[in-house]
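[1] Just need the structure, nothing else, for what follows:
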Amino acid sequence: MAMCCVLLSLPVSPHAIDDPNSLDSFIRDFASNRSRRRTGRLYEVVLPANFSGIEASIVTLKSGSLWMRGANFSLFGIPPRVLPWPYVRRLEIVYENLGNWSSSYFNPPNHTLVSPVIGLIAYEEKRRRNGINSKIELNVIKDPITLHFPYISLPHHNNNVNASAVKCVGFQSNGTVEFSNVSRNRTCSVRGVGHFSLVIPTPIPTPPKQQKKKKSTAWKWWVIIGSVVLGILGLLLLIGITYKAVKGKRLGKMERQSEKSESLDCVWVGSSKMPCATSIRTQPALENAYVP
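    Reported below is the predicted structural model:
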């Protein structure tokens, strides 16, 4: 199917929009406010420079035609046997490619985005008289809806990731995240509208080798210091034991020697106790005591 372009003038940037639901409504409002479009024709919405990186398209469909024939485009495909819920006679489908803004709105837990987030949002056709802008669901009866992703961008450190590690992820409006397998040619099969992308598991970071080397070197230094301290303590203990043994041996020798010697009396001189030998003096005698 051919694609036409619609040039829009948006006064704000994605930075001013807090959540993806507000972004969906914002793009849809401007995509709908234009002249009458042909039913079944996909129109490209050309966004201004402050929305650089985001692409959007819009198509109006009849519910009866969607049920009988479906709708096939290069960007997505809706098989037959699909009905809007709640039921409306005419509906609008907005296709979004968030490009480099994807990670600003969606971050799957423990996974990394490897493709832009694709939005496929259905609305009841907006009438000029009442300005209806309500979202609706697509009830898939048989075959799933297919979404084609333009490219996969693997991180440099994950160039060897197996193709089976790439998964489809669907971001539901209630905040839940659902994973499924990727079909061939970077295609995801989904059973409803919402936002979708391709992801890979986020690798668990490993500590750098330099840090391991620093930790190993520090451990070696602690072992060396501990060994030196233990050696010094052991040497001091050995010196103390040796000194005590030598001192005890000397005291024993002195005690044995004192037992063999003559015991001496002790006298106090002031506050000091001193040994004193027993003195026996020879009685004096006069040389001329006996006179003839």
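
[2] List the contacts of Asn110.
    201-202 (CB atoms under 8 Å, 6 or more residues apart in numbering). C-beta: built from backbone N, CA, C; applies to glycine.

[3] So for it, what's the pLDDT?
    In this model, Asn110 is scored at 90, pLDDT.

[4] which SSE is the nearest residue to Pro144 once chain neighbours are set aside in?
    Using CB to CB, 6 or more residues apart in numbering and skipping residues adjacent in sequence, the residue nearest Pro144 is Ser189, 4.0 Å away. According to DSSP states H and E, Ser189 maps onto strand 187-190.

[5] Could you do Arg28 as well?
    Using DSSP H and E, Arg28 falls in helix 20-32.

[6] Ala245 now?
    helix 209-260.

[7] In the stretch 51-200 of the chain, where is pLDDT below threshold?
    126-133, 156-163 (pLDDT under 70).

[8] picking that back up, average pLDDT for the helix holding Arg28?
    Here the average pLDDT along helix 20-32 is 81.

[9] For it, name the packing helices and strands.
    Contacts defined by 3 or more CB pairs under 8 Å, 6 or more residues apart in numbering; DSSP states H and E place helix 20-32 against strand 42-46, strand 55-62, strand 90-97, strand 118-124.

[10] Go again with 10 Å.
    strand 3-7, strand 42-46, strand 55-62, strand 90-97, helix 102-105, strand 118-124, strand 135-140, strand 194-201 (3 or more CB pairs under 10 Å, 6 or more residues apart in numbering; DSSP states H and E).

[11] Could you tell me which strands the following helix or strand past the shortest one is paired with, and in which direction each runs?
    Using DSSP H and E, the helix or strand that follows helix 102-105 towards the C-terminus is strand 111-113. Pairing partners of strand 111-113, with direction, according to DSSP bridges: strand 194-201 (antiparallel).

[12] just to revisit the earlier point, can I get the helices and strands packed on helix 20-32 in JSON lines with mean neighbour count and distance to Leu251?
    Putting the helices and strands packed on helix 20-32 into JSON lines (neighbours: other CB atoms under 10 Å; distance: least, CB to CB, whole Å) gives the following:
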{"stretch": "strand 3-7", "mean neighbour count": "12", "distance to Leu251": "113"}
{"stretch": "strand 42-46", "mean neighbour count": "18", "distance to Leu251": "108"}
{"stretch": "strand 55-62", "mean neighbour count": "21", "distance to Leu251": "102"}
{"stretch": "strand 90-97", "mean neighbour count": "21", "distance to Leu251": "100"}
{"stretch": "helix 102-105", "mean neighbour count": "17", "distance to Leu251": "86"}
{"stretch": "strand 118-124", "mean neighbour count": "22", "distance to Leu251": "98"}
{"stretch": "strand 135-140", "mean neighbour count": "16", "distance to Leu251": "104"}
{"stretch": "strand 194-201", "mean neighbour count": "21", "distance to Leu251": "80"}
